[in-house]
Structures are given as structure tokens and as C-alpha cells.
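Q: please work out how this folds:
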Amino acid sequence: MQSPYSYSHQHQLSRSAYPTFLSLQETIKLQLTWASRGVLEAFRWDVVVKTATSDREIRSNILKSLLLNSLSLTSIYAFDLLLQPLVHNHPSWLHRNVGWFYRVLWLFPVVGVSYYLNSSWCNLIAKRSFILQHGNRAAHQQPVTYHGMLTMLATSAYRAVMILTSVIVSLALGSIPFVGSWISFAFMCWVNAYYCFEFVWVARNSSLAQRVRYLEERWAYYFAFGFPSAVICTCGSGLANAAFFALMFPAFIIMAMHARPVPQDPYNPAPSTESTNTVRFPSPLIPIRMPVFTIVIWLNDLIVRVLSVGGSAGVRHRRTTSDTTEQVEEGTGVELRNISRTVRGPPPAVQARSLGDRLPSNRKAPISGRRKKD
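A: Numbering: from 1, shown residues only. Below is the predicted model:
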């Protein structure tokens, strides 16, 4: 027969093994605190002014971005406010279609060049800001080699694909009746915050999965941080919204470099003050991780698989979600391996690794260059 003491001891052990949760009110209060922190750090214009005035390279790139995006906005509104009213309902075919000629011959090229140059200038601003803040612990530089160039091209292509899929998802969410516009706006808050902090995560060598998880586990903070830029993107329509965001993007990058996202530990946001160090999880009624980018990552996987059908025909192993796109982003996708092997043969590191696998136990290379059959 079990004694009362052993039963009580067993009961205490079971109770200690059961997770401890914060109340719903405490969890909501914490989420609001993190959101207010995000809004405050998205309005740190004093940091932007101080950084820009203290460094010549950052100031130069910000001015170039400001001038180029001002040209884009001027080109956009010059047509909307001046040309379109003049040719509206004009009987001449040429006058009616002058808008298409204006867009194709001037507006789209200007916006395309602006996107490319903005990406370059924002990269320089982010790297320089990171160096100023962290000293020589800057981002790892990709070596200037053939494979390094392929990696850079793959990263740029992947980023363009992710921007495209984010826009598609935003438009699809906006088409939902009644609440679609609100859901689309909330989604764009997270998307804008992701791209503002992307340079910070890249500088710290974080993978795609790590970046997405980090944002989704701190969804309240990043929603609030992306809120001001999302509001700016609703000032115009179409290309004007993108130009407004590009105009403010360098400032938000600098703010993101100096930001401190909270909480540090989403699964124990309010550590116990007791000596037992009990983990206190947030209320189960409020999710710890918000799957914001699930649809975007799925679309990225789909697009990359379609584009790499020919190069990955011989691959039969299963991959986890976002594994394919993460490989493409890092320049290690199947199609890049095939290109590099076709043009230059296997990289030296792969050759050395293969040779090391064939070496005998004394680690000496065989005298003859001819490989023995297994």
C-alpha cells in the first residue's frame, strides 16, 4: 500500500513538471510593451541624423538615394497630375496612348534603375553603419571569385523573388471582403520590418530560417516597427508607394541597426524572480510565434522548384520547407553547382574534400593519379 508521504511527494513532482503560464492579462500587457518599444525605435530620427552627419560615406549615399527617389516620384506625379488630364478622352490615338509611351520609355526604366542603385546604396549604408556600431566585426565579405559572383547573383535573384511573392500575397490578402485591407496592411508592416532588419541579420550571418523565425517569435515588436513605413506606403498608389518606401528606406535601415528587438527570450518573457528559476511561458491563448511568412516561403519554394526543374532532375531526396530557397539564396543551389562544374569544374574545396575521402589512413596521396576501382 502506498504511503501518504510518497503520494504527496509524487504529486509535488508532477506539479513541478507541469509548465507555468502567465495570465492572459500579463501576456497582453507584455505584447503591448514590446509593440510600444517597436514604435519608439521606428521614430529614432535623432539616430539617423547623428549617423548621417558623423560619417561622410553614409551621408553621400543617403543624398544620392534621396535625389534619385525624388526623381522617380517627380516622374510618377508628372504624368498623374499633368500629362494624364491633358490627354484624357482625346480623340487622337497618339494622345490617348501617350501614357503607355511615357511609362515604357521613361517611367519603368527610371524605376528599374532606381531599384538597382537603391539596393547598392542601401547595402553600403548598412555595412558602414554596422562597422561604426560594432567596429571591425562587420559582415563576412564574399570572396571575389567566380563562385562568389554566382552567389551574389543568386542572392539578388532570390531577394527579388521574395519581394515579388510578398507583393502577390499582399494583393491577395487585400482582395478578401471586409477585412482584406486591414490584413494586407498588417502583413505589409511585417514585410517592411523584415527588409529593414534584413541587413542586420545578413551581417550576423543568419540563415533565412533563422531570420524568419526571429521575426515571427517577436511579431508584436516587428509589427510596430514596420507600422510607420507601411503608413507611408499608403500615401500614393502603385509605383508611388514603392518610391515613397525607397525614399525612407535608408533611414529605417539605420534605425534597425541601432534597434534592440524584444523580448530576448519569447518562451520565457518574464523570468521568475524566485530562486527556482521557473520558466513562465506566455498565455496559450496568444501565440508565441505568428506564422507571418508561411505563404511567402511556400511560394518561394514553388517558384525555385519550377525554375530549377532542369538542373535538379537527378535529385530525389526530400527537402524541408524553405530548404530549396535557402540554398538558392546562399548560392549553393543545384543549378549553381551545375553551372560552376560545367564552366570551371568542381571547386577546389570540393576537389580537396574528394581527395581526402580517397586518401588511405596515413593521409598520403597515392603516387599514381589513376583512381582505383572500388
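Q: count of residues packed around Ile28?
A: When counting by other Cβ atoms under 10 Å, one arrives at 16 neighbours for Ile28. Any C-beta I mention is one placed from the backbone N, CA and C, and that applies to glycine too.
Q: show me what the helix or strand harbouring Ala242 is packed up against.
A: Using DSSP states H and E, Ala242 sits within helix 239-258. For helix 239-258, the packing partners by 3 or more Cβ pairs under 8 Å, 6 or more residues apart in numbering; DSSP states H and E come out as helix 45-54, helix 56-78, helix 108-134, helix 180-203, helix 219-232.
Q: check which residues of it are buried.
A: Neighbour counts using 16 or more other Cβ atoms under 10 Å place 239-257 of helix 239-258 among the buried residues.
Q: what mean pLDDT does that helix have?
A: What helix 239-258 shows for mean pLDDT is 91.
Q: circling back: okay, the helices and strands packed on helix 239-258 in JSON lines with mean neighbour count next?
A: Shown next, in JSON lines, are these (neighbours: other Cβ atoms under 10 Å):
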{"stretch": "helix 45-54", "mean neighbour count": "14"}
{"stretch": "helix 56-78", "mean neighbour count": "17"}
{"stretch": "helix 108-134", "mean neighbour count": "17"}
{"stretch": "helix 180-203", "mean neighbour count": "21"}
{"stretch": "helix 219-232", "mean neighbour count": "23"}
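Q: right, and Ile286 touches Leu32 too?
A: No - under the criterion of Cβ atoms under 8 Å, Ile286 makes no contact with Leu32, lying 11.2 Å away.
Q: picking that back up, output the helices and strands packed on helix 239-258 in TSV; the columns should cover distance to Ile163 and mean pLDDT.
A: What follows is the helices and strands packed on helix 239-258, written out as TSV (distance: least, Cβ to Cβ, whole Å; pLDDT from 0 to 100):
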stretch	distance to Ile163	mean pLDDT
helix 45-54	24	94
helix 56-78	16	90
helix 108-134	9	87
helix 180-203	8	93
helix 219-232	14	95
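Q: I'd like those helices laid out as JSON lines, including distance to Val304.
A: Formatted as JSON lines, the helices and strands packed on helix 239-258 follow (distance: least, Cβ to Cβ, whole Å):
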{"stretch": "helix 45-54", "distance to Val304": "36"}
{"stretch": "helix 56-78", "distance to Val304": "30"}
{"stretch": "helix 108-134", "distance to Val304": "20"}
{"stretch": "helix 180-203", "distance to Val304": "18"}
{"stretch": "helix 219-232", "distance to Val304": "25"}
